[in-house]
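S.K.: Sequence and predicted model, in that order:
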Amino acid sequence: MDDFSVLIGGKAGDGIDKAGLILARILNRLGFRLYIYRDYPSVIRGGHTFSIIRASQNKIAAHRDKVDFVLALNKETLDLHRNRLKKDCFFIYDSEQINPANIATCGIGIPLGNILKEENALPVMRNSCLIGAFCKTAGIAWNVLEEVLKRNVSKEIELNLKVARRGYNAAQELVKIEPVSQTVLPLLSGNAAIGLGLIKAGLRAYIAYPMTPSSPILHFLADIAGDFALKVIHPESEIGVILMALGFSYAGEKVAVGTSGGGFCLMTEGVSLAAMAELPIVVIVGQRPGPSTGLPTYSSQTELHFVLNAGHGEFGRFLIAPGDVEQSYYWSAMALNMAWKYQMPSFILSDKNLGEGIFNFDIAAIDEIKEEMPLSWDRKPSYKRYLNTESGISPLAFVPDKEAVIKINSYEHDEYGITTEEPQTTKMMQDKRLRKERYLAEELEGYETVKVYGNNNSSTALLCWGSNKGVCLEAGENLGLKVIQPIVLSPFPLHQFQEALKGVKKLVNVEDNATAQLAKLIRGYGFNPDKNLLKYDGRPFSLDELEAQLSKII
Amino acid sequence: MTDSKDINTLAKNTWCPGCGNFAILNGIKAVLASLNEEGFPLEKVVLVSGIGCHAKIVDYINLNSFYSIHGRTVPVAEGIKLANPELKVICFAGDGDAYGEGLEHLIFAAKRNIDITMIIHNNRVYGLTTGQYTPTSPLGFKGRSTPEGTLELPLNPLELLLSSGATFLARGTSHGLKLLKIIFKEAIMHKGFSLVDVLQVCVTYFNMYEYYAKRVYELKDHNPLEHSTALNKIREWDYNSDVPIALGTFYKKEMPTFEEKFLKYKISPQTKRDFKIEEILKESI
């Protein structure tokens, strides 16, 4: 078995997420590359939750329709995923809840309730028991499971091991998953990769109001705040969040905020203020289907134009949409660096699939990136916060400074930061602010802002952005296509995009929205996709689904 | 720039002649000058304003300032204070600004007892938008959005903030500069969330000069350390009834502040950060 999938399902509150991660870590230990797709409802208890853990010899970031193993904690898991079972699927289930009659698969029934009762164990330990049975079925050595459990379970480890052992002993080896000999890589969510990238570039404060799918960034950074001297704050609302962040920014502390579409709606007045006041800020927007509350725990790519245009008035912004964990790390660091270098808002556009998906993270494959220091004042009197320079970037001083009065203003202002309505100054300042974007665009020419993968000689190319990179890359490679992924979406990398399109006769645009938002963006630069493949049911394209749709049109 | 004599900017003052804002400007300038004489370096002061006539005050004082947006002085001030607790952060906000658009932030800042000072230019009318009712306008106030008079009672902001956890609450008027200076200084020196509600007269849209002159009195023999006494005094006038209006410090209490509860982290150098990132990655295998 060199490419297979494991589905674990139960009801919300059963601990499916954690169990999925443990399964992935077991397979990771064996040298496989992993991807976890997590599917859960917007409830705390009840409702169906499942994870698909796909393992492959190669790096992957997409799930498949069919699965090789199912770990079923309840009957619903069978009812809802019956069509995902391969003919020779191993179905490992709670035999006290499920009677899997009429399934042409190898069933491994484990009396979970009975085992738990005998061991006097907690209901959540049913997971450990099923994982034990899975390991035995798949020919995975007990010591691998034992080690992973010890590292991942903090409470009642002895009891968990006992229960896992009971599951292990209750099953029989039916297939042998052979270890792959390659370096074992860490498993990281997109959200964690974004957080670590920001830290890498010197983040000092993270401020957020909880909102799926970005709350895990808040939790992750709050957990590690002490290690990185981070101030992590959860204020009264998203309006409070962004304004508080601008206070940090004024005082010279590198800061980021995170939310989803609904919370970002509330932040837009702060975005506009950041632009006028030229205060650096990083905003993470994790997309989920809307409008309004929409599908809180599912995914979409619907906020591209919202984020591109958020905030009244005209101003430049840096907008990136990373497509994997390595890009999330690198480009989040870039977002913080560029926000401070150009004193403008930076946006990290993520989504639930990237943010809450789990991927292997290969730091060795990432270009070196360091914290960049902003342009500082040369101490020649007198200090002007909004000094009009050739690049538009004014040197910074921070409070308290004995020799500088540092005045920030949301009104149009002169170089000192004093309110003005004078026409020449108004125009001069607007030009100054817009000039920064031009210099940013020039600097970005030195970076790979548009990625090209797959078969460079193919005249058919897939166009994708954000989390669709994973599935498009794999489908493109399988079908011999070129794949184009712009990472920077503002300022639009026109030159690199043109270069990427050279030799392309047929452009197929793949997006998780109903209106082809990237297509609309590139049309403004004279490019037009020949075909749009759009998915807007909240779920990501599976590899099989995308390949099937592509085979109809190419 | 730390010389308190040079505290004016070159900006032209555009308040109406006779505006109550002048008293607040003169009061705060005098207090800042006295703080400076006592050895407090003025570069450690940050003034924050919202949007409205009041907010122009930061253009007229040559000190660090953040001219923010309507209703949002509080979170900006909180961010500055949390980023650097050494700074003295003084907010100027209007009644529409602080008690209307930004009320949520105000309540939370009081609840946190973060060490910032709020000076509310409470003229009980929107001036810059030419005369509409605010959260503290009396019942029946005829403004441009309520030509037949308002249908709602005003808020008593001091009562609301007392129950929200504010640890310093006072009231002054724009026609009592002497008292204003005393309570401004007391509020700024108070460790914790302080708010001064200034009954500031808007000569153009809601001239309450004579009304206030007949009713205000200074608090005497009032114990501001006692919550119930403070509450009774604060409830004496509900911003609507025709009764005597007390001025002075209603409430004052020492409590731990939000910013001091934050751990004092040392900035972590890049090398240490890289090491810690590596550790996290190792744990994620």
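M.R.: Noted; the coordinates are in hand.
S.K.: Going by neighbour count, list what's buried in stretch A:89-108.
M.R.: By neighbour count, and taking 16 or more other C-beta atoms under 10 Å in any protein chain shown as the criterion, the buried residues in stretch A:89-108 are A:89-95, A:97-98, A:100, A:105, A:107-108. Placement of C-beta: from N, CA and C, glycine included.
S.K.: Return that stretch as CSV; C-alpha atoms alone will do.
M.R.: As requested, C-alpha coordinates have been extracted for stretch A:89-108 and formatted as CSV (Å, rounded to 0.1, in the frame of the first residue of the first chain):
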residue,chain,number,x,y,z
CYS,A,89,-12.0,-1.8,2.4
PHE,A,90,-11.3,-2.7,6.0
PHE,A,91,-14.2,-1.7,8.1
ILE,A,92,-13.3,-1.5,11.8
TYR,A,93,-16.3,-0.7,13.9
ASP,A,94,-18.0,-0.7,17.2
SER,A,95,-19.8,-4.1,17.1
GLU,A,96,-22.2,-3.0,19.8
GLN,A,97,-23.6,-0.2,17.7
ILE,A,98,-23.2,-1.4,14.1
ASN,A,99,-24.3,-4.5,12.3
PRO,A,100,-22.6,-4.1,9.0
ALA,A,101,-24.7,-6.6,7.0
ASN,A,102,-24.6,-6.4,3.2
ILE,A,103,-21.2,-4.7,2.9
ALA,A,104,-18.7,-6.4,0.7
THR,A,105,-15.8,-5.4,2.9
CYS,A,106,-13.7,-7.0,5.5
GLY,A,107,-15.4,-6.1,8.8
ILE,A,108,-13.5,-6.1,12.0
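S.K.: Can you flag which of the buried residues of stretch A:89-108 belong to strands?
M.R.: Using DSSP state E, the subset of those located in strands is A:89, A:90, A:91, A:92, A:93, A:94, A:107, A:108.
S.K.: I figured the fourth one was touching residue A:136, is that so?
M.R.: No - with contact defined as C-beta atoms under 8 Å, residue A:92 does not count as touching residue A:136 (9.5 Å).
S.K.: Quick check: neighbours shared by the two?
M.R.: Shared contacts of residue A:92 and residue A:136, defined by C-beta atoms under 8 Å, 6 or more residues apart in numbering or on different chains, comprise residue A:171.
S.K.: follow-up on the earlier one: want to throw the buried residues of stretch A:89-108 into a markdown table with pLDDT?
M.R.: Converted to a markdown table, the buried residues of stretch A:89-108 look like this (pLDDT from 0 to 100):
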| residue | pLDDT |
| --- | --- |
| A:89 | 93 |
| A:90 | 95 |
| A:91 | 95 |
| A:92 | 96 |
| A:93 | 95 |
| A:94 | 94 |
| A:95 | 93 |
| A:97 | 90 |
| A:98 | 90 |
| A:100 | 79 |
| A:105 | 75 |
| A:107 | 90 |
| A:108 | 92 |
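S.K.: Counting neighbours, what do you get for residue B:259?
M.R.: Per other C-beta atoms under 10 Å in any protein chain shown, the neighbour tally for residue B:259 reads 21.
S.K.: tell me the secondary structure for it?
M.R.: Classification of residue B:259 using DSSP: H, G, I helix; E, B strand; the rest coil returns helix.
S.K.: Wait, it touches residue B:115, no?
M.R.: Yes - because the distance of 6.1 Å satisfies C-beta under 8 Å, residue B:259 is recorded as touching residue B:115.
S.K.: what's the burial count for residue A:330?
M.R.: A count of neighbours around residue A:330, defined by other C-beta under 10 Å, yields 26.
S.K.: Mind jotting down where the helices sit in the stretch 251-400 of chain A?
M.R.: Assigned by DSSP state H, counting those that start in this stretch, the helices in the stretch 251-400 of chain A fall at A:261-277, A:304-309, A:325-342, A:352-356.
S.K.: my bad, should have said chain B
M.R.: When assigned using DSSP state H, the helices of chain B occupy the ranges B:21-37, B:73-83, B:95, B:103-112, B:157-164, B:177-189, B:209-215, B:227-235, B:258-261, B:270-283.
S.K.: what's the overlap in contacts for residue B:259 and residue B:115?
M.R.: Residues within reach of residue B:259 and of residue B:115 at once, by C-beta under 8 Å, 6+ apart, are B:81, B:85.
S.K.: quick one: the residue lying closest to residue B:154 once chain neighbours are set aside from residue B:120, how far?
M.R.: If the residues on either side of it in the chain are set aside, residue B:154 comes closest to residue B:239, at 4.2 Å by C-beta to C-beta, 6 or more residues apart in numbering or on different chains. Taken as C-beta to C-beta, to the nearest Å, the spacing of residue B:239 relative to residue B:120 amounts to 12 Å.
S.K.: Okay, and residue A:485 sits in which element?
M.R.: Under the assignment given by DSSP states H and E, the secondary-structure element containing residue A:485 is strand A:482-486.
S.K.: so who does residue 15 touch?
M.R.: Answering for chain A, as no chain was given. A:124, A:127 are the contacts of residue A:15 under C-beta under 8 Å, 6+ apart.
S.K.: please go with chain B instead
M.R.: So residue B:15 contacts B:21, B:22, B:53, B:56 (C-beta under 8 Å, 6+ apart).
S.K.: Give me the pLDDT for the second one.
M.R.: You'll see residue B:22 listed with a pLDDT of 97.
S.K.: Tell me the one of the ones in strands among the buried residues of stretch A:89-108 nearest residue A:319?
M.R.: Minimum separation from residue A:319 among those (C-beta to C-beta) is found for residue A:89, which lies at 42.6 Å.
S.K.: low-confidence ranges in chain B?
M.R.: When the per-residue scores of chain B are filtered using pLDDT under 70, the ranges that remain are B:1-5, B:263-268.
S.K.: In it, which residue sits nearest chain A?
M.R.: The shortest separation between chain B and chain A is 2.1 Å, found at residue B:79 (distances taken as C-beta to the nearest C-beta).
S.K.: Would you check that my belief about that residue contacting residue A:243 is correct?
M.R.: Yes - here residue B:79 lies in contact with residue A:243, judged by C-beta under 8 Å, at a distance of 7.0 Å.
S.K.: give me the element the closest residue to residue A:142 other than its chain neighbours is part of.
M.R.: Residue nearest to residue A:142 in three dimensions, not counting chain neighbours: residue A:168, with 6.0 Å by C-beta to C-beta, 6+ apart. In this structure, residue A:168 is located in helix A:157-170 according to DSSP H and E.
S.K.: which outside residues touch that helix?
M.R.: By C-beta under 8 Å, 6+ apart, the list of residues contacting helix A:157-170 reads A:110-111, A:115-116, A:118-122, A:125, A:128-136, A:142, A:145-146, A:149-150, A:153.
S.K.: Let's see which of those residues end up in helices.
M.R.: Per DSSP H, the subset of the contacts of helix A:157-170 in helices is A:115-116, A:118-119, A:128-136, A:142, A:145-146, A:149-150.
S.K.: Apply the buried test to the residues you listed and list what passes.
M.R.: Among these, those buried by neighbour count (16+ other C-beta under 10 Å) are A:115-116, A:119, A:128-136, A:145-146, A:149.
S.K.: Which ones, among these, also lie beside chain B?
M.R.: With respect to chain B, and counting by C-beta under 8 Å from any C-beta of the partner chain, no part of those is in contact.
S.K.: quick one: which of the residues you listed is nearest residue B:87?
M.R.: Among these, residue A:149 lies closest to residue B:87 (C-beta to C-beta), at 49.5 Å.
S.K.: Spit out the contact partners of the closest one.
M.R.: A:22, A:128, A:131, A:157, A:160, A:161, A:164.
S.K.: What residues of stretch A:275-291 count as buried?
M.R.: When burial is assessed from 16+ other C-beta under 10 Å, stretch A:275-291 yields the following buried residues: A:275-290.
S.K.: Correct me if wrong: residue B:235 contacts residue B:163.
M.R.: No - counting by C-beta under 8 Å, residue B:235 stays clear of residue B:163, with 11.2 Å between them.
S.K.: list the contacts for the residue of the stretch 101-250 of chain A found nearest chain B?
M.R.: Closest to chain B within the stretch 101-250 of chain A is residue A:247: 2.1 Å, counting by C-beta to the nearest C-beta. The neighbourhood of residue A:247, defined by C-beta under 8 Å, 6+ apart, consists of B:66, B:75, B:76, B:77, B:78, B:79, B:80, B:81, B:82, B:83.
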